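**Student:** Could you work out the structure for the sequence below:
(2 chains)
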There are 2 protein chains.
Amino acid sequence: MGQAAQAPSGTRDLLADEVRRRKAAFDMLARIFESFGFDPLETPAFENLDVITGKYGEEASKLIFKILKRGVHEASGEADLALRYDHTVPLARVIGTHGAKLPTPYKRYAIGPVWRADRPQEGRFREFVQCDIDTVGSLSPLADAEVVLAIARGLEALKVRKFTFMVNSRKALYALLEVYGISAADGPGVLGTLDKLDKIGAEAVVKELTSERGLAPEVAESLVGDVAADNPSRIRRRLDATEEGRAGLAEIDRLIELTTSAGLASERIAYVPRMVRGLDYYTGVIYEVEADGYPGSVAAGGRYDHLVATLGGPDVPACGCSIGIERILAVQGSQDTEPRGLDVAVTVLGGEENLMRLAADLREQGLRVGTYLGASGKLAKQLKWANDQNARIAVLHGPEEQAAGEVTLRDMRSGDQTRVPLDEAVAQVSELLEGS
Amino acid sequence: MGQAAQAPSGTRDLLADEVRRRKAAFDMLARIFESFGFDPLETPAFENLDVITGKYGEEASKLIFKILKRGVHEASGEADLALRYDHTVPLARVIGTHGAKLPTPYKRYAIGPVWRADRPQEGRFREFVQCDIDTVGSLSPLADAEVVLAIARGLEALKVRKFTFMVNSRKALYALLEVYGISAADGPGVLGTLDKLDKIGAEAVVKELTSERGLAPEVAESLVGDVAADNPSRIRRRLDATEEGRAGLAEIDRLIELTTSAGLASERIAYVPRMVRGLDYYTGVIYEVEADGYPGSVAAGGRYDHLVATLGGPDVPACGCSIGIERILAVQGSQDTEPRGLDVAVTVLGGEENLMRLAADLREQGLRVGTYLGASGKLAKQLKWANDQNARIAVLHGPEEQAAGEVTLRDMRSGDQTRVPLDEAVAQVSELLEGS
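**Tutor:** Model prediction:
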């Protein structure tokens, strides 16, 4: 036989402990989202190609996995389906498909895999889980606040302890451009450059604004000075001078008020004027969440009142947030993952009927019970198996015990053994497990 | 806007209650499999094309979804990946890939979607969940018994009450052919025809055996008479005359002994000589599970000692079983699915800070709490929303209550209202929910 086949490039086989760890995290997030009244939604792994095409821009569209037509149509080399690229386009499609059946507003969470043909050599997975919550059909600032609070609870539950929601508003950003006399046409480019502040520093940003974005040096320096200042009081004063600026500040302040009213610690959320989410589709508040010990952001979201329409659904207001769950799980990967062992390992040296009955009774108690399935008739070898299984107790039922209708219970940590009648074994095992 | 886009043909959007119902079933099965010491395994949604190709036969290979090469290679019209068609081929691949890291024997369960381009007009889904357990690396009859017991517990938990494991053995079937002087070359064809007994009846089977399989009429009649008899005593006597027949009967009887020893009711498992699983890869015991009220079989499996090698893994013995979970869920679909409502619906007529705090405190109690996110300032409209959400209690906090630092709690079923101070609201809600 040649070299063993591997999982495809950029994908992983998830073995026992990893599946359990991930499932525990996803279930915990689902419980939290449910407590806020969000409903689960599962869409198919693929969509019709035209639902996906043209929704993500040119660069991203190269990363879409397309599925060949089937059967006799395969020879055409044409695709008619595409794997899910995110949960947002399917959400927009679902709102179009099921509109009237859905509650208003529609609050949904989606925790499931998406597929992108990113370069695996850069440490990116081609199959990874995205975790989104969105509220569609509400303009209320309470909707934004609920999303932020649900994500904050999620991060706490995932033991991401020191995090900060850095809040801004697209309105405040547009007003800033207005205050500095930057045209609507130049605006997106200028914001794109400002977004690099944390990465390349103030000096480099000023340089790019003057050399590439056509800003006068004094305008660029003043703008960067305002935006990068630790204390946002100066920028607040400037924004207060325009109607859109006041609206932007008001929605930022309202989000902070509502979330801290609900118990979010005030150091967990702040207005950060330099936070510019790259994506054009946001229309109101925007936020990214930074956390100590985690690279990049651990969550990001905001309000995007026309995105659903842009993606082919009806024109309804919406807001939502995505948790970077794979990033969080990757950082926590090294921590405390205790492999799940057997509670009871049943060795087999004859008397199988007795042992099958005992194993069934122990499982009825909620215990995890495995039976020796190997070929060895040697107890030592079977006890090695029990040890490899991280078993806490081994059941022994050799010829002597069989004759007496008994079993020996061995504590696999201490090596202590107790012999008990078969019909007392379940009670005795429970006692041993409680004591250990 | 034209007609709303739909989910692709043969796939479904799973909305809230359906996701919850399915997840509850899958989680329950996972807990049972864990109690038997099976470990979860999750493989990627797709495999490299050559892992999948040539594993399923010609007909089935037309049903494989293939994924186009990406980026500049897309124009070639060639595929290099394929969506998972079942959980067995990935299992064989995983055993090759991770061999040494896996426990011996390796007992795994897989509950997850597979994709097949079947005809949706025949009511078949193109995306559906398969649920498999397999033990790889053990020849012990205890391994077969564990699989049967775990599946039986799963069926009970899924409330499939009246089911029967119809057990046979490939060895017994081969011995039967020997006894009747049927050549090895004709064997598979004859067994294929016998497999239709339940569908087309004894007479038609005899006819097909004589006209298409070349059996003499008296041989065909005797064979069908033996196989279709309610009482298997005659066939037992015949099989007892050959070595392979005795081995086959012994493994059937052992499986029944071991499983009934463990508490499986004796009417839940029986030797059924006419049960011929169509698939060639089985080598030992085979079984299908029939259940009252369910079409076809609700589970099927057996021992297949060389399948893993055939599928590209090492040559290791194995046994396993698959539960027809989609079939079971489809039959149960009409039954008792209660939509999940809100425990508490918070109406909003000002005083948002108080209400956000109260909602957070109620969620801390494990309750499901939603806040009114619509635009109406009218209580009647907000109460209609609460009603649509199946809320049990609504919180009211109008101008009067705001001035007094109080809330009104409305029991949405009885319409009874109680006014309490804000800081007693959590305790009062708990009391009302316990009482209702």
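**Student:** Please identify which residue in chain A comes closest to chain B.
**Tutor:** Residue of chain A nearest chain B, by Cβ to the nearest Cβ: A:G77 (1.9 Å). For glycine as for every other residue, the C-beta is placed from the backbone atoms N, C-alpha and C.
**Student:** quick one: the spatially closest residue to that residue that is not a sequence neighbour from A:A45, how far?
**Tutor:** Counting by Cβ to Cβ, 6 or more residues apart in numbering or on different chains, B:G77 is the residue found nearest to A:G77 once chain neighbours are left out, at 1.9 Å. B:G77 sits 22 Å away from A:A45, going by Cβ to Cβ, to the nearest Å.
**Student:** What residues sit buried inside the helix or strand harbouring A:L176?
**Tutor:** Using DSSP states H and E, A:L176 falls within helix A:170-179. Using 16 or more other Cβ atoms under 10 Å in any protein chain shown as the test for burial, helix A:170-179 gives A:R170, A:K171, A:A172, A:L173, A:Y174, A:A175, A:L176, A:L177, A:E178, A:V179.
**Student:** Might you report the residue contacts of the second one?
**Tutor:** The neighbourhood of A:K171, defined by Cβ atoms under 8 Å, 6 or more residues apart in numbering or on different chains, consists of A:E244, A:G245, A:A247, A:G248, A:E251, A:G284.
**Student:** Would you format those residues as TSV with secondary structure and distance to A:R31 included?
**Tutor:** Converted to TSV, those look like this (DSSP: H, G, I helix; E, B strand; the rest coil; distance: Cβ to Cβ, whole Å):
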residue	secondary structure	distance to A:R31
A:E244	helix	39
A:G245	helix	40
A:A247	helix	36
A:G248	helix	34
A:E251	helix	30
A:G284	coil	28
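**Student:** farthest-separated two in those?
**Tutor:** A:G245 and A:G284 (13.9 Å; Cβ to Cβ).
**Student:** Spell out for me which residue occupies the centre of chain A.
**Tutor:** Of all residues in chain A, the one closest to the mean position by Cα atoms, centre = their mean is A:I325, 2.6 Å from it.
**Student:** ok so A:R413 is a helix residue?
**Tutor:** No: counting by DSSP: H, G, I helix; E, B strand; the rest coil, A:R413 is not part of a helix but coil.
**Student:** isn't it right next to A:A394, touching?
**Tutor:** No: contact criterion Cβ atoms under 8 Å: A:R413 and A:A394 do not qualify, at 10.9 Å.
**Student:** Pull the number of nearby residues for the residue of chain A closest to chain B.
**Tutor:** 15 (other Cβ atoms under 10 Å in any protein chain shown).
**Student:** hang on, it packs against B:K66?
**Tutor:** No: in this structure, A:G77 is not within contact of B:K66 by Cβ under 8 Å, at 10.6 Å.
**Student:** what touches both of the two?
**Tutor:** By Cβ under 8 Å, 6+ apart, the residues touching both A:G77 and B:K66 are A:L68.
**Student:** Confirm A:T164 sits in a helix?
**Tutor:** No: counting by three-state DSSP, one finds A:T164 to be strand, located in no helix.
**Student:** Apart from its chain neighbours, what residue comes closest to it?
**Tutor:** A:E290 (5.4 Å).
**Student:** My reading is that that neighbour lies in a helix. Confirm?
**Tutor:** No: counting by three-state DSSP, A:E290 is not found in a helix; it is strand.
**Student:** could you point out which element follows the worst-scoring helix or strand of chain A on mean pLDDT?
**Tutor:** When the helices and strands of chain A are compared on mean pLDDT, DSSP states H and E, helix A:57-61 comes out lowest with a mean of 81. Using DSSP H and E, the helix or strand that directly follows helix A:57-61 along the chain is strand A:66-68.
**Student:** That next one - contacts with which helices or strands?
**Tutor:** When contacts are defined as 3 or more Cβ pairs under 8 Å, 6 or more residues apart in numbering or on different chains; DSSP states H and E, strand A:66-68 packs onto strand A:79-83, strand B:66-68.
**Student:** what about it, average pLDDT?
**Tutor:** Average pLDDT, strand A:66-68: 96.
**Student:** Could you do stretch A:189-196 as well?
**Tutor:** For stretch A:189-196, mean pLDDT is 90.
**Student:** again, but for stretch A:314-328
**Tutor:** Within the predicted structure, the mean pLDDT of stretch A:314-328 is 94.
**Student:** Could you pull out the buried residues of it?
**Tutor:** A:V316, A:P317, A:A318, A:C319, A:G320, A:C321, A:S322, A:I323, A:G324, A:I325, A:R327, A:I328.
**Student:** Extract the C-alpha set from that stretch and format it as CSV.
**Tutor:** Extracted as CSV, the C-alpha positions of stretch A:314-328 are listed here (Å, rounded to 0.1, in the frame of the first residue of the first chain):
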residue,chain,number,x,y,z
PRO,A,314,-36.4,42.3,0.8
ASP,A,315,-35.2,45.8,2.0
VAL,A,316,-35.4,45.4,5.8
PRO,A,317,-33.3,46.9,8.5
ALA,A,318,-30.9,44.6,10.3
CYS,A,319,-28.0,44.3,12.7
GLY,A,320,-25.8,41.5,13.8
CYS,A,321,-22.4,40.2,15.0
SER,A,322,-20.1,37.4,14.3
ILE,A,323,-17.9,35.7,17.0
GLY,A,324,-14.5,34.5,15.8
ILE,A,325,-15.1,31.1,17.3
GLU,A,326,-12.3,29.3,15.4
ARG,A,327,-9.8,31.9,16.5
ILE,A,328,-10.9,31.6,20.1
